[in-house]
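**Q** structure for this input, please:
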Amino acid sequence: MYYWWLNVNPKKIRFKELDIDDVFEYSTLNEDGSLIKLSHNFEEANEGETVIIYEVGQTNEIIGIGEVYQKLSDNTIKFKKVEGFAEPIPRYAIEENREIVNIEAFRNQQGSFFKLSKSEYDAIMVVIREYNPQKRYRPYVPYTKESFLSEVFFEEDEFDELKALIESRKNVILQGAPGVGKTFISNKIAYAIMGEKDDDKILNIQFHESYSTDEFLEGYRPDGIGIYKFRRGCFKIHCAKAANDPTHKYFVIIDEINRGNITKIFGESFMLIDPDKRGKKHYIELSCSKERFFVPENLYIIGTMNMSDHEYAISDYALRRRFAFYTVKPIYDNKKFIDFYEKDALLSRVVNKVKEINSTLSDSNKIGHCFFCEKQSPQELKMTVKYNIIPLMQDYFYNDEAKSNQITTELENVIKGD
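**A** Reported below is the predicted structural model:
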């Protein structure tokens, strides 16, 4: 039983683009018909033996694991892809490990197929799993429409509509006033579409003014000692996870999506998020790494946007064309929510006053129901009104002092019991 290391040239073998269990051939002959260096190693390889796949050229990194699929025959050996890495392991990460820095693949500049000792293979696998932890196969909690409706104050037809919108458009922004539960809904609807609670398939990030494409897609970023090194961004890594697992659905949930420069953050990948530009055939070559990149068809993007942030309103029509916009509204008239708050006399008074105030406000400046979804003691509820709702109203009416004072007085009277 041997362990092997195979150098592949991405111009000849695009291992990253292969699906799991795809088979590829490797010739032991040069273009002139002569045998390649160390060709005897190929003769010793047996079916089923593990092969570390190392991409040479621009990247120089471990990109996956394969196995010998068919022994050498007529100067051709066949390998099968067993695992692709969402985050390939750069050469410097291997060279930092004393146990494997002197492997033959690094010492011998001739040849492409090298034998690894058991200890070398084990040490390499430790580094690989630091970058790509092995998924724990455990039973996940099923999550259905009924699960969603039991946790979120949504009507059944609203759930059906939002689910269908996400599945068909793939890119959806949930917009609404503060406190309507946009982020909460995003994660729960993702669970419902996946059919289970699996946070490994969800990337949660938050955009801000300083967020860059280097963090999101790829670029050079400083390490712990200030040396700039090439890094893949979280979106690129998550796309690779989805591409390596095409039978399951993956999600990217972007909180405060409008607070970042979206087209700049997505960079070259912006075009690829279109539903009709998904998949391998629509790849682009990234300018930094020169790698082929595509957004897989089983990846869905959900953004959240606070409609009261007029300063960060989206005016980019190219972006608006790529996203569908779903407005999440306060649900004070939802039967389940009514049953919840009517059991508490103080909460009922507060909610009824908030509903009255909301009737005078625009959709972007309403008071969300999430301030009142959790069971609170009377003291906690009074603090919510005093330190959350009243300051919010004062902000909404910062240019109308009379209206601000009126609403403040009304809310204060409600929690006093007047």
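**Q** neighbours of residue 126, how many?
**A** Residue 126 has 12 neighbouring residues, counting by other Cβ atoms under 10 Å. For the C-beta atoms, the positions are set from N, CA and C on the backbone; glycine is no exception.
**Q** residue contacts, it?
**A** Taking Cβ atoms under 8 Å, 6 or more residues apart in numbering, we find residue 126 in contact with residue 97.
**Q** buried residues, whichever strand or helix holds it. List them.
**A** Element membership for residue 126 (DSSP states H and E) is helix 118-131. In terms of neighbour count (16 or more other Cβ atoms under 10 Å), helix 118-131 has its buried residues at 120-121, 123-124, 127-128, 131.
**Q** dump the residues you listed into TSV; add pLDDT as well.
**A** Listed next are those as TSV, based on pLDDT from 0 to 100:
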residue	pLDDT
120	93
121	95
123	94
124	94
127	93
128	94
131	91
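**Q** those residues: which two are farthest apart?
**A** 120 and 131 (17.4 Å; Cβ to Cβ).
**Q** any idea how far residue 394 is from residue 72?
**A** 78 Å (Cβ to Cβ, to the nearest Å).
**Q** the two - which one has more neighbours?
**A** Neighbour totals were compared for residue 394 and residue 72, and residue 72 leads with 19 against 15 (other Cβ under 10 Å).
**Q** show me the strands in the stretch 1-150 of the chain, by range?
**A** With strands called from DSSP state E, counting those that start in this stretch, the stretch 1-150 of the chain shows them at 3-8, 23-27, 50-55, 61-73, 76-90, 113-116.
**Q** beyond the helix or strand bottoming out on mean pLDDT in the chain, next helix or strand please.
**A** None of the helices or strands of the chain scores lower by mean pLDDT, DSSP states H and E than helix 317-322, at a mean of 78. Next in sequence after helix 317-322, counting helices and strands by DSSP H and E, comes strand 324-328.
**Q** which residues sit against that following strand?
**A** 162, 165, 169, 171-176, 180-182, 185, 307, 363.
**Q** tell me, how many residues neighbour residue 23?
**A** For residue 23, using other Cβ under 10 Å, the count is 12.
**Q** verify the stated contact: it with residue 78.
**A** Yes. At 5.5 Å, residue 23 counts as touching residue 78 under the criterion of Cβ atoms under 8 Å.
**Q** can you give me the helices in the stretch 201-350 of the chain?
**A** 213-216, 234-243, 262-266, 317-322, 335-341, 345-358 (DSSP state H, counting those that start in this stretch).
**Q** and those helices, which one averages the lowest pLDDT?
**A** Sorting those by mean pLDDT places helix 317-322 lowest, at a mean of 78.
**Q** what does that one contact?
**A** With Cβ under 8 Å, 6+ apart as the test, helix 317-322 has contacts from 171, 262-263, 270, 273-274, 314.
**Q** what count of nearby residues applies to the nearest residue to residue 237 once chain neighbours are set aside?
**A** Leaving aside its chain neighbours, residue 237 sits nearest to residue 86 (4.8 Å; criterion: Cβ to Cβ, 6 or more residues apart in numbering). The tally of other residues near residue 86 (other Cβ under 10 Å) stands at 17.
**Q** wait, doesn't residue 86 sit right on residue 234?
**A** No. Contact between residue 86 and residue 234 fails when scored by Cβ under 8 Å: they sit 10.2 Å apart.
**Q** report the contact partners of the residue nearest to residue 382 when sequence neighbours are not counted.
**A** Leaving aside its sequence neighbours, residue 382 sits nearest to residue 415 (Cβ to Cβ, 6+ apart; 4.5 Å). Residue 415 makes contacts with 346, 350, 381-382, 385-386, as judged by Cβ under 8 Å, 6+ apart.
**Q** now residue 264
**A** Per Cβ under 8 Å, 6+ apart, neighbours of residue 264: 212-213.
**Q** mind checking how far it is from residue 217?
**A** In terms of Cβ to Cβ, residue 264 sits 10 Å off from residue 217.
**Q** repeat for residue 31
**A** The value you get for residue 31 to residue 217, if Cβ to Cβ is used, is 36 Å.
**Q** and what of residue 260?
**A** For residue 260, the distance to residue 217 equals 13 Å [Cβ to Cβ].
**Q** residue 354 against residue 392, yeah?
**A** No. In this structure residue 354 lies outside contact range of residue 392 using Cβ under 8 Å: 10.6 Å.
**Q** show me which of those two is the more surrounded one.
**A** Regarding residue 354 and residue 392, a neighbour count based on other Cβ under 10 Å identifies residue 354 as having more, with 23 against 19.
**Q** bridge partners for the residue nearest to the spatial centre of the chain, pull those for me.
**A** By Cα atoms, centre = their mean, the chain has its centre lying nearest to residue 203, at 2.8 Å. Counting by DSSP bridges, residue 203 forms beta bridges with residue 252.
**Q** now for it: which residues touch it?
**A** Residue 203 is in contact with 234-235, 238, 250-253, counting by Cβ under 8 Å, 6+ apart.
**Q** residue 221 contacts residue 228, doesn't it?
**A** Yes. Assessed by Cβ under 8 Å, residue 221 is found in contact with residue 228 at 6.6 Å.
**Q** report the inter-axis angle for the helix holding residue 126 versus strand 76-90.
**A** Between helix 118-131 and strand 76-90, the angle comes out at 50 degrees (axes from the mean of the first three to the mean of the last three Cα atoms, to 10 degrees).
**Q** and the angle from helix 118-131 to helix 234-243?
**A** Angle between the axes of helix 118-131 and helix 234-243 is 120 degrees (criterion: the same axes, to 10 degrees).
**Q** export helix 118-131 as PDB, just CAs?
**A** Included here for helix 118-131 are C-alpha records, laid out as PDB according to Å, rounded to 0.1, in the frame of the first residue of the first chain:
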ATOM      1  CA  LYS A 118       3.100   6.900   5.700                       C
ATOM      2  CA  SER A 119       4.500   9.600   8.000                       C
ATOM      3  CA  GLU A 120       4.800  12.200   5.200                       C
ATOM      4  CA  TYR A 121       1.200  11.500   4.100                       C
ATOM      5  CA  ASP A 122      -0.200  11.700   7.600                       C
ATOM      6  CA  ALA A 123       1.700  15.000   8.200                       C
ATOM      7  CA  ILE A 124       0.300  16.400   4.900                       C
ATOM      8  CA  MET A 125      -3.200  15.400   5.800                       C
ATOM      9  CA  VAL A 126      -2.900  17.300   9.100                       C
ATOM     10  CA  VAL A 127      -2.100  20.500   7.200                       C
ATOM     11  CA  ILE A 128      -4.900  19.700   4.700                       C
ATOM     12  CA  ARG A 129      -7.500  19.400   7.500                       C
ATOM     13  CA  GLU A 130      -6.400  22.600   9.100                       C
ATOM     14  CA  TYR A 131      -7.400  24.300   5.900                       C
END
